[in-house]
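Asks: Got a sequence here, can you model it:
(2 chains)
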Amino acid sequence: AQKVTQAQTEISVVEKEDVTLDCVYETRDTTYYLFWYKQPPSGELVFLIRRNSFDEQNEISGRYSWNFQKSTSSFNFTITASQVVDSAVYFCALSEDAGGTSYGKLTFGQGTILTVHP
Amino acid sequence: GAVVSQHPSWVICKSGTSVKIECRSLDFQATTMFWYRQFPKQSLMLMATSNEGSKATYEQGVEKDKFLINHASLTLSTLTVTSAHPEDSSFYICSARDSSRGRTMNTEAFFGQGTRLTVV
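Replies: Presented below is the predicted three-dimensional model:
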């Protein structure tokens, strides 16, 4: 069975601080996909990134960066120079390459509530 | 990216009534859709996998007779909450997978906007 753990329930920072959201996952598959989503108060899920298990390159997109470490089963997310608009709930998720109708089925972590104060 | 439309965005209903939520893929075909539920301040939990032309697959602990899923076309899945009770009040969100994409590319599903259900 797969599992995603986001140990940080809530994080509070002041604007312009850097913040890292941790994500640890468990899976028996050798091929799998990891995601990060942002959920603002309105509720919709905003897709941030997808990473497959064979690509351990770190990625940077503007103020966002992701560190994928297969050795520690972690996929951490860093926001540099945080802004008030970054305040939201962030979810890490895992999709196994189980074939058939399981494609696209996600197991979510518990979520981390990020509050950025002005 | 692909668009999934979920309707309604919010609904308030009386206890004992049924509510239908629609999930449509607007610019792609989806033989598979997923329904999730999110209670306040909690994570998203998969309820069921909706399969076009066949029965839905429900996760353990989800009552199939209470949460009826119909996936009659390649672009529409519906979730009906029957005999709703206040404890069914939650945020329901669907996702759809593009059936036309190959295995290596078919790695994500696109989410609808979600439906906030309040049962009074």
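Asks: Residue of chain B nearest chain A, please.
Replies: Relative to chain A, the nearest point of chain B is residue B:109 (3.2 Å; C-beta to the nearest C-beta). C-beta here means a position set from N, CA and C on the backbone, and glycine is covered the same way.
Asks: how near is the closest residue to that residue other than its chain neighbours to residue A:19?
Replies: Distances taken as C-beta to C-beta, 6 or more residues apart in numbering or on different chains place residue A:104 nearest to residue B:109, at 3.2 Å, with adjacent residues excluded. For residue A:104, the distance to residue A:19 (C-beta to C-beta, to the nearest Å) stands at 29 Å.
Asks: How about residue B:69?
Replies: Applying C-beta to C-beta, the value for residue B:69 to residue A:19 is 39 Å.
Asks: Neighbour count: those two, which is higher?
Replies: Here residue B:69 and residue A:19 are compared on neighbour count by other C-beta atoms under 10 Å in any protein chain shown; more neighbours surround residue B:69, at 24 against 20.
Asks: okay, now the closest residue to chain B within chain A: neighbour count?
Replies: Nearest to chain B in chain A, going by C-beta to the nearest C-beta, is residue A:104, at a distance of 3.2 Å. Using other C-beta under 10 Å, residue A:104 is surrounded by 21 other residues.
Asks: Which helix or strand contains it?
Replies: No secondary structure element spans residue A:104, as it lies outside all helices and strands (assigned by DSSP states H and E).
Asks: any weak-confidence spans in chain B?
Replies: B:1, B:101-108 (pLDDT under 70).
Asks: Where does the spatially most central residue of it fall, secondary structure wise?
Replies: For chain B, the residue lying nearest the average C-alpha position, counting by C-alpha atoms, centre = their mean, turns out to be residue B:35 (3.3 Å). With elements taken from DSSP H and E, the one containing residue B:35 is strand B:32-38.
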